[in-house]
Each structure stands twice: as C-alpha cells, then as structure tokens.
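Participant: Quick one, what's the 3D model for this:
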Amino acid sequence: QVQLVESGGGLVQAGGSLRLSCSASGSIFSIKSMGWYRQAPGKQRELVTLIITGGSTNYADSVKGRFTISRDNAKNTVYLQMNSLKPEDTAVYYCKAVLALNYASGYYNYWGQGTQVTVSS
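Facilitator: Below is the predicted model of the structure:
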C-alpha cells in the first residue's frame, strides 16, 4: 500500500509564501515523477509543476518565477516553495506520484489527499 501525505497548506496574505511537502511511503520500487496539481472551486484540476527522475522540471505558465519544486529522492519527498502568492493561487493542492511497486508492475498514478491553500487579498 502506498500513501502520499501532504502538509504545509494554510492561509496567507497576497505576496506571502508557503511551502508544501509531500512524502510517499509504502512498498515503492521506483518513482518516475512527482508533482503538484491544484483545483479551485468550480474549476478543473490543473498541473502546477512536476519533477521527474534526473531532476527535470515543468511549470505552469501562471506560476513560473514564483513557485519552485524540489525533491529529496532518499526520502521520497517533494517540496513546493510558493512565493509571491496571489489570490488566484487559492485552491486545494494535490500531490501526485508516478511510481512502480516492483520491477514488473508498471508505473501508476498515486494521489495525496490534498491540502488547502488560501491567499487573501
């Protein structure tokens, strides 16, 4: 069984910063990528950023220059440093890992439970 546990959400004023963490635990053979998605009320879930094995990253245009993703491979943990937050960043942030349980299982998506980020104006 694999669990993704997120932490670090909360309420912050516009211009402020928050740091989210997501740790994957369980019987994990290999992690291909980890990333963050967000879903605002009435909107579809969207990709915020992801980091793949080897360190390559991808960011949504709306967060480039403000958000930074990093990963601690030894801890199966990914971090999202969010700076210069805007009210439009308000959403539930979900962690996703693409991982394999063993060498023959293939890679599948696993999701965290989500953490609320609220940015007040």
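
Participant: From here on, just use CA atoms for contacts and neighbour counts.
Facilitator: Fine.

Participant: So what pairs up with the residue most central in space within the chain in the strands?
Facilitator: For the chain, the residue whose C-alpha lies nearest the mean C-alpha position (CA atoms, centre = their mean) is Trp36; its distance is 2.5 Å. Counting by DSSP bridges, Trp36 is bridged to Thr49, Cys95.

Participant: Ser30 versus the residue of the chain most remote from its centre, what's the distance?
Facilitator: Most distant from the centre of the chain: Ala104, at 26.2 Å, with distances by CA atoms, centre = their mean. Look at Ala104 and Ser30: by CA to CA, to the nearest Å, they are 11 Å apart.

Participant: now swap in Thr77 and tell me
Facilitator: Here the criterion is CA to CA. By it, Thr77 lies 13 Å from Ser30.

Participant: So for those two, which residue has more residues nearby?
Facilitator: Between Thr77 and Ser30, counted using other CA atoms under 10 Å, Thr77 has the larger neighbour count: 19 against 16.

Participant: what sits opposite that one in the beta ladder?
Facilitator: Going by DSSP bridges, Thr77 forms beta bridges with Ser23, Asp72.

Participant: how about stretch 6-21: buried residues?
Facilitator: By 16 or more other CA atoms under 10 Å, the buried positions in stretch 6-21 come out as Glu6, Ser7, Gly9, Val12, Ala14, Ser17, Leu18, Arg19, Leu20, Ser21.

Participant: which one of the residues you listed is nearest Asn83?
Facilitator: Nearest to Asn83 among those, counting by CA to CA, is Ser17 at 4.4 Å.

Participant: Surely that closest one touches Leu80?
Facilitator: No - in this structure, Ser17 is not within contact of Leu80 by CA atoms under 8 Å, at 10.4 Å.

Participant: Spell out which helix or strand contains the residue farthest from the centre of the chain, please.
Facilitator: Ala104 belongs to no helix or strand when assigned by DSSP states H and E.
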